[in-house]
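Engineer: could you work out the structure for the sequence below:
(2 chains)
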2 protein chains.
Amino acid sequence: MAPASSTSGSAAPLSEDRILACLAGYFPQTHPSLLLGRGDDCAVLKAGRPLCVSSDLFLEDIHFRQSYFTPEDMGYKALAANVSDLAGCGARPLGFTLCLGLPAWADMDWLNRFFSGMAEVAGLHRMALAGGDLSRSEKLHVSITVWGEPADPGHFLVRGGSMPGDVLFVVGSLGLARVGLNRLEAQGRQALNEWPAACAAHLRPVPQVDAGLMLARAGYNARPPALMDLSDGIMRDLPRLLGLTGELSVTCPEKCTGLGAEIVLPQGRLHPELLRYAAETGKNPVHEALLGGEDYALLGSCAPDMLPPLHAAIPGLFSIGVVTAGGGIECNNAPLDSLGGGFDHFDAGQDA
Amino acid sequence: MAPASSTSGSAAPLSEDRILACLAGYFPQTHPSLLLGRGDDCAVLKAGRPLCVSSDLFLEDIHFRQSYFTPEDMGYKALAANVSDLAGCGARPLGFTLCLGLPAWADMDWLNRFFSGMAEVAGLHRMALAGGDLSRSEKLHVSITVWGEPADPGHFLVRGGSMPGDVLFVVGSLGLARVGLNRLEAQGRQALNEWPAACAAHLRPVPQVDAGLMLARAGYNARPPALMDLSDGIMRDLPRLLGLTGELSVTCPEKCTGLGAEIVLPQGRLHPELLRYAAETGKNPVHEALLGGEDYALLGSCAPDMLPPLHAAIPGLFSIGVVTAGGGIECNNAPLDSLGGGFDHFDAGQDA
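Structural biologist: Next comes the predicted model:
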């Protein structure tokens, strides 16, 4: 739905005031979680309980392309990818700030479409846009900080804490966004006809907020699940979940667990479009699922007796194996590291 | 002081793990305000009291130039400019997230220098780096979200609320950073020899955190001062302080106050380098002070009887006039709008 301000012609020049008025049509000024909304030096959050906070970049030609993202897609995905970090902590989204660098080609019509896509995500999760910054930039630049509250103040879910014998699980699709990226890069938006689910997974990922909240509640009276946002592929993110790599392993190597994992991932678990893509390109569909990237699924582990009720309560949750006491990470009885290392922005040798 | 990780050679290739290890040498992992530090999907803030939150962009060739900013200057200013928004609310800084887009030329040596400049500001204000995002980008890109707590939970300072007869005041230098920008653009770092204070004001602004906290305390038992971060020049920011322009005036025009102001700004109040610059370039020094930009000073108003104790308590505070019931904004008996409109990123006709 376009607000009244969208009736101002797209040819009108941008100004900060016009941009702010446009934005006001999509994002309400007030929110129950705010003592002070946007428009001052800071927003002021009530914050009577702990807050989960996360920030992400969304940069043109690094994270997305103009050629096959509509303005609505860009606004949608920029916020959805951030919300997925809140889901990975089992937190309920509350608000966000938006930093927007706009190239000369961005006009009011483009902004209305961009904000409407972003407002779709904000509205779905009832999030306040609490502030931010506007600037010129050469390429389109978006950076967002989101915050939310744990469903119960003491119960947010973190990486680490897995134990041998725990069940590994995923909520969401594996490798589907990777197929979408590959097809969109090759065919542009033509790809949507032939690969609708894969393209949607790349353009409009659905953060698993409800599943994250249910997983957090499962930890109220038991050892809580380990949980993380699966955004860089299982190859790279599973070692992080197990505490083998990632920031803590770098800064506190003594905390490394030495855990391993045995993944069982039959092809029947994979999306038909991923299987078709693998067949057409001669790739191994399970490897593609493990390499993934931008799945915006959840990856976690829990005690085995916790799995059946989670299975029943959370659509899209499926187990992918078990945590072991060591011995590396294997998938379908082959070592995982034979596949290469997942995605690192700073590794020049990999395909993005 | 360079941490141990800086001994890794500058020629070594970047990787996310190396960058995170480098960063760990400058920014502690734990902080009293955090339940969970960086390294997971989200940081978790204790947040038993309200939080002030603000986000800013700091983009190469828009907000700074490689040619005359050292890596330390860039790290310093990116965070200091954000902290100034907390000062403008009278809040005590607690933490921040850092989103960093790194071009191919950035190596570990550059990162060590950048982080050390940023750690100077974080250390001074005891702020936790609680998370963020890393990416490749074409130009250097920094976006930061800061948060802090009001000195007393109920007492943060906002724009608006000025009354006719209130005294207008500034804490900090007016127009000095504008001179620095002009000279650095013209002469590069050579300008530091001839214009040391002006260049420092542009490269290494000092956020007025202590003054902001004292102003907030002044409002505990009296009508609180109106306050804002002065970053776009008095020309543009004073109408925002008075509620004549800015986001609220756009979204809620019925809240516009119709207030005016009479500014008295004698040349004796201006920094000698600004006066010398004006004399050498034939410009009006008072106009330059009012146009300003990136002063990172505080601009506020308070009841007249509050001024003497504030004067005594806050070095660098000086009054610049009075709030009137209407009649526009005048400076030294001339209308302010004859000077043009201050800085708008989206106004192509102005000089940046």
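Engineer: C-alpha only now, for contacts and for neighbours.
Structural biologist: Fine.
Engineer: can you tell me the closest non-neighbouring residue to A:Asp133?
Structural biologist: Once flanking residues are discounted, A:Asp133 sits nearest to A:Cys99: 4.6 Å by Cα to Cα, 6 or more residues apart in numbering or on different chains.
Engineer: then the one helix or strand the one you found maps to to CSV, C-alphas only?
Structural biologist: Assigned by DSSP states H and E, A:Cys99 belongs to strand A:91-102. Extracted in CSV, the C-alpha atoms of strand A:91-102 (Å, rounded to 0.1, in the frame of the first residue of the first chain):
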residue,chain,number,x,y,z
ALA,A,91,14.5,-12.9,20.3
ARG,A,92,11.3,-11.0,19.5
PRO,A,93,12.1,-8.1,17.1
LEU,A,94,11.3,-4.6,18.5
GLY,A,95,13.0,-1.9,16.4
PHE,A,96,15.8,-0.9,14.0
THR,A,97,17.8,2.0,12.8
LEU,A,98,18.4,2.5,9.0
CYS,A,99,21.5,4.1,7.5
LEU,A,100,20.9,4.8,3.8
GLY,A,101,23.5,6.0,1.3
LEU,A,102,21.7,7.0,-1.9
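Engineer: other SSEs contacting that strand?
Structural biologist: helix A:71-87, strand A:128-136, strand A:141-150, helix A:209-218, strand B:51-59 (3 or more Cα pairs under 8 Å, 6 or more residues apart in numbering or on different chains; DSSP states H and E).
Engineer: relative orientation of it and strand B:51-59 in degrees?
Structural biologist: Counting by axes from the mean of the first three to the mean of the last three Cα atoms, to 10 degrees, strand A:91-102 lies at 30 degrees to strand B:51-59.
Engineer: let me see the mean pLDDT of strand A:91-102.
Structural biologist: Confidence for strand A:91-102, expressed as mean pLDDT, is 92.
Engineer: now mean pLDDT and mean neighbour count too, for the helices and strands packed on strand A:91-102, in TSV please.
Structural biologist: Converted to TSV, the helices and strands packed on strand A:91-102 look like this (pLDDT from 0 to 100; neighbours: other Cα atoms under 10 Å in any protein chain shown):
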stretch	mean pLDDT	mean neighbour count
helix A:71-87	96	27
strand A:128-136	88	23
strand A:141-150	92	26
helix A:209-218	94	22
strand B:51-59	92	27
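Engineer: closest to A:Tyr26 out of these?
Structural biologist: A:Tyr26 lies closest, by Cα to Cα, to one member of the helices and strands packed on strand A:91-102: strand A:128-136, at 9.6 Å.
Engineer: what does that closest one contact?
Structural biologist: Contacts to strand A:128-136, defined as Cα atoms under 8 Å, 6 or more residues apart in numbering or on different chains, come from residues A:16, A:27-31, A:37-39, A:42-43, A:94-104, A:122, B:54-57, B:62, B:345-346.
Engineer: going through these, which ones are buried?
Structural biologist: A:16, A:27-29, A:31, A:37-39, A:42-43, A:94-102, A:122, B:54-57, B:62, B:345-346 (16 or more other Cα atoms under 10 Å in any protein chain shown).
Engineer: least confident secondary structure element in chain A?
Structural biologist: helix A:247-251 (a mean of 56; mean pLDDT, DSSP states H and E).
Engineer: after it, which helix or strand is next?
Structural biologist: strand A:260-263.
Engineer: direction included, what does that following strand pair up with?
Structural biologist: In the sheet, strand A:260-263 lines up against strand A:317-324 (antiparallel), strand A:329-331 (parallel) (DSSP bridges).
Engineer: flag every residue of the stretch 51-200 of chain A that's near chain B.
Structural biologist: A:51-57, A:59, A:62, A:85-86, A:88-89, A:97-101, A:131-137, A:143, A:145, A:158-159 (Cα under 8 Å from any Cα of the partner chain).
Engineer: change it to 7 Å
Structural biologist: Within the stretch 51-200 of chain A, the positions adjacent to chain B are A:51-57, A:62, A:85-86, A:88-89, A:97, A:99, A:131-133, A:135-137, A:143, A:145, A:158-159 by Cα under 7 Å from any Cα of the partner chain.
Engineer: give me the contact list for the strand holding A:Cys99.
Structural biologist: Contact partners of strand A:91-102, identified using Cα atoms under 7 Å, 6 or more residues apart in numbering or on different chains, comprise A:33, A:52, A:83, A:86, A:125-137, A:139-151, A:156, A:212-213, B:55-57.
Engineer: what comes up buried for stretch A:304-317?
Structural biologist: Buried-residue list, stretch A:304-317, by 16+ other Cα under 10 Å: A:Met306, A:Leu307, A:Leu310, A:Ile314, A:Leu317.
Engineer: distance between it and the chain's centre?
Structural biologist: On the basis of Cα atoms, centre = their mean, to the nearest Å, stretch A:304-317 sits 21 Å off its chain's mean C-alpha point.
Engineer: what do you get for stretch A:166-173?
Structural biologist: On the basis of Cα atoms, centre = their mean, stretch A:166-173 sits 15 Å off its chain's mean C-alpha point.
Engineer: average model confidence for that stretch?
Structural biologist: pLDDT averaged over stretch A:166-173 gives 97.
Engineer: contacts for that stretch next, please.
Structural biologist: Counting by Cα under 7 Å, 6+ apart, A:295, A:297-304, A:316-323 sit against stretch A:166-173.
Engineer: which among these end up buried?
Structural biologist: With neighbours counted by 16+ other Cα under 10 Å, the contacts of stretch A:166-173 contain buried members at A:295, A:297-303, A:317-323.
Engineer: farthest-separated two in those?
Structural biologist: Across the buried ones among the contacts of stretch A:166-173, the longest distance by Cα to Cα is 24.1 Å; it joins A:Asp295 and A:Ala303.
Engineer: where in chain A is pLDDT low?
Structural biologist: Residues of chain A that meet the criterion pLDDT under 70 lie in A:1-13, A:246-257, A:337-352.
Engineer: domain assignment for it?
Structural biologist: A:16-150, A:167-336 (automatic domain parsing).
Engineer: compute the first-to-last residue distance for the longest one.
Structural biologist: End-to-end distance of domain A:167-336: 18 Å, with Cα to Cα, to the nearest Å as the criterion.
Engineer: work out the gap between it and the centre of the chain.
Structural biologist: 12 Å.
Engineer: try the first one
Structural biologist: On the basis of Cα atoms, centre = their mean, domain A:16-150 is displaced by 14 Å from the centre of the chain it belongs to.
Engineer: now stretch A:160-174
Structural biologist: 17 Å.
Engineer: can you tell me the distance between the two ends of it?
Structural biologist: Stretch A:160-174 end-to-end distance (Cα to Cα) = 21 Å.
Engineer: picking up where we left off before, make TSV from the helices and strands packed on strand A:91-102 and add distance to A:Val171 to it.
Structural biologist: Formatted as TSV, these follow (distance: least, Cα to Cα, whole Å):
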stretch	distance to A:Val171
helix A:71-87	11
strand A:128-136	26
strand A:141-150	19
helix A:209-218	8
strand B:51-59	32
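Engineer: which one, of these, ends up nearest to B:Phe115?
Structural biologist: Taking the helices and strands packed on strand A:91-102 one by one with Cα to Cα, strand B:51-59 is closest: 14.7 Å.
Engineer: name the helices or strands packed onto that closest one?
Structural biologist: If contacts are counted by 3 or more Cα pairs under 7 Å, 6 or more residues apart in numbering or on different chains; DSSP states H and E, strand B:51-59 sits against strand A:43-45, strand A:91-102, strand A:128-136, helix B:71-87, strand B:141-150.
Engineer: good, wrapping up.
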